[in-house]
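[1] Return atomic coordinates for the entry below.
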Amino acid sequence: MPQLDPAPWFPILILCWTVFLIFIPPKVMAHTQPNQPTPQSAEKSKETPWTWPWY
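    Residues are numbered from 1 along each chain as shown. Here you go, the predicted structure:
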């Protein structure tokens with residue numbers, strides 16, 4: 001059965017993994033977001049406890 005012969009598919013598999021592991025990660029990591037997140041303020045807001053009317 002020729003579809004079980006790994007000879008033509010193994011180099012294709014190696015080539016695909018080479019592309020995925022060597023060429024694509026630097027391109028993805030170099031991507032910058034257009035809007036950088038703003039830092040939150042250091043002071044915490046005062047939270048009031050929830051009054052449970054049935055308790």
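[2] start to end distance for stretch 34-45?
    29 Å (C-alpha to C-alpha, to the nearest Å).
[3] just how off-centre is that stretch within its chain?
    22 Å (C-alpha atoms, centre = their mean, to the nearest Å).
[4] residue contacts, Ser45?
    With C-beta atoms under 8 Å, 6 or more residues apart in numbering as the criterion, no residue contacts Ser45. The C-beta positions use only the backbone N, C-alpha and C, and glycine is treated the same way.
[5] Is it part of a helix or strand, or is it coil?
    Classification of Ser45 using DSSP: H, G, I helix; E, B strand; the rest coil returns coil.
[6] Tell me how far it lies from Phe23.
    Here the criterion is C-beta to C-beta, to the nearest Å. By it, Ser45 lies 46 Å from Phe23.
[7] which helix in the chain runs the most residues?
    In terms of residue count, the longest helix belonging to the chain (DSSP state H) is helix 9-18.
[8] got the buried residues for stretch 44-55?
    Within stretch 44-55, no residue counts as buried by 16 or more other C-beta atoms under 10 Å.
[9] For the residue nearest to the spatial centre of the chain, give me phi and psi.
    Nearest to the mean C-alpha position of the chain, by C-alpha atoms, centre = their mean, lies Val28 at 9.6 Å. Reported as degrees, to the nearest 10, the phi and psi values for Val28 are phi -70, psi -40.
[10] Equivalent analysis for the one 3 residues further on, please.
    Note on His31: backbone dihedrals following degrees, to the nearest 10 are phi -70, psi 130.
[11] can you count the residues close to it?
    Neighbour count for His31, taken as other C-beta atoms under 10 Å: 6.
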